[in-house]
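Colleague: Okay, structure incoming, though there's no sequence with it:
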C-alpha cells in the first residue's frame, strides 16, 4: 500500500507522517517511510541543491531535478518495498510537482504529466492525504522558529529557496492542490490542517485502517 501526504509548506505533513509511522510500527505493520526529494544519497544531494537559497534555478531545471530524485527513489526503494508487501509512506510525491511546478511555476501541465509518468513509471498512491491550510498561516508556522515577521522571515537566510517564493506563489500552489483533489476524489482525502494534530491523526488512522482491510494493491496507471 502506498500512502502519500501533500500540502503546502507548514501545513503539518511531516508531523502527521511521523504520527502514522509510530502508530503502524505499534501494529507491527511492515513499512518504509520516505520524503521527497530525498531518501537515497543521490536524491538527498538533489534535495540540498533544490532548497539552497543561494542558488537560482529555472522552473524547468527545478522540475527535472525533482523528477530525477523521484525516479531514483521509485526504482531503488519504493517499488522493491511494495513488492515485499510493505506499506510505503511518502512525505510528498508527484502531486507536489503538479501543484508547485505546474500551477505554481506555470509549467505546461501536458509537458509536466509526461515527465511525471516517466519518473514514476505510472505508479499511483492508494491514498493521498491532503492537509489544507491558507498560505499565510502555513508560512507563519514555517517561519515561527525564526521569531521574525512573516515578510522579513521569508527573505531571510532562515528560509529555504522554495519558502522564499512568496505568498502569491503559495496561493497558486494551494489552488493547484484543490484542483487535483476535485479531479481525483477517490484517491484524495482532504483534511483541515487548522485542526489539532491529534484530531487529524485519528482521521488518518481511520482511513488507513479501512483501506488496509480492503487489501488495496498499489495502482499502476494504464
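Modeller: Perfect, I can see it now. Note that the coordinates shown come from a computational prediction; the quantities given were computed from them, not determined experimentally.

Colleague: show me where this structure has strands.
Modeller: Ranges of strands in the chain, per DSSP state E, are 2-6, 31-35, 87-91, 123-124, 127-132, 188-192, 219-220.

Colleague: And those: which comes nearest residue 106?
Modeller: When the strands of the chain are ranked by proximity to residue 106, the top entry is strand 2-6, at 19.4 Å, counting by Cβ to Cβ. Where C-beta positions appear, they are placed from N, C-alpha and C, glycine not excepted.

Colleague: That closest one - contacts with which helices or strands?
Modeller: Packing partners of strand 2-6 (3 or more Cβ pairs under 8 Å, 6 or more residues apart in numbering; DSSP states H and E): helix 13-26, strand 87-91, helix 94-97, strand 127-132.

Colleague: From residue 5, how far off is the residue nearest to the spatial centre of the chain?
Modeller: Among the residues of the chain, the one closest to the centroid is residue 92, at 1.7 Å (Cα atoms, centre = their mean). Using Cβ to Cβ, to the nearest Å, one gets 7 Å for the distance from residue 92 to residue 5.

Colleague: any shared contact partners between the two?
Modeller: residue 13 (Cβ atoms under 8 Å, 6 or more residues apart in numbering).

Colleague: Chain neighbours aside, what residue packs nearest to residue 94?
Modeller: Nearest residue to residue 94 in three dimensions, chain neighbours excluded: residue 116, at 4.6 Å (Cβ to Cβ, 6 or more residues apart in numbering).

Colleague: What count of nearby residues applies to the one you found?
Modeller: Residue 116 has 23 neighbouring residues, counting by other Cβ atoms under 10 Å.

Colleague: if I pick it, what's in contact with it?
Modeller: 67, 94, 97-98.

Colleague: can you redo these as a markdown table with neighbour count?
Modeller: Shown next, in a markdown table, are the contacts of residue 116 (neighbours: other Cβ atoms under 10 Å):
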| residue | neighbour count |
| --- | --- |
| 67 | 21 |
| 94 | 26 |
| 97 | 26 |
| 98 | 22 |
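
Colleague: In TSV, list those along with distance to residue 16 and pLDDT.
Modeller: Shown next, in TSV, are the contacts of residue 116 (distance: Cβ to Cβ, whole Å; pLDDT from 0 to 100):
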residue	distance to residue 16	pLDDT
67	25	96
94	19	97
97	20	96
98	20	97
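
Colleague: so which of those residues comes closest to residue 78?
Modeller: Out of the contacts of residue 116, the member with the shortest distance to residue 78 (by Cβ to Cβ) is residue 94, at 11.6 Å.

Colleague: Wait, that closest one touches residue 70, no?
Modeller: Yes: at 6.7 Å, residue 94 counts as touching residue 70 under the criterion of Cβ atoms under 8 Å.

Colleague: what do the two both touch?
Modeller: Each of 119-120 lies in contact with both residue 94 and residue 70 under the rule Cβ under 8 Å, 6+ apart.

Colleague: Give me the below-cutoff pLDDT ranges for this protein.
Modeller: 143, 145-165, 215-222 (pLDDT under 70).

Colleague: can you map out the helices along it?
Modeller: 13-26, 41-51, 59-73, 79-83, 94-97, 109-120, 135-143, 150-154, 167-183, 197-213 (DSSP state H).

Colleague: Perfect, that will be all.
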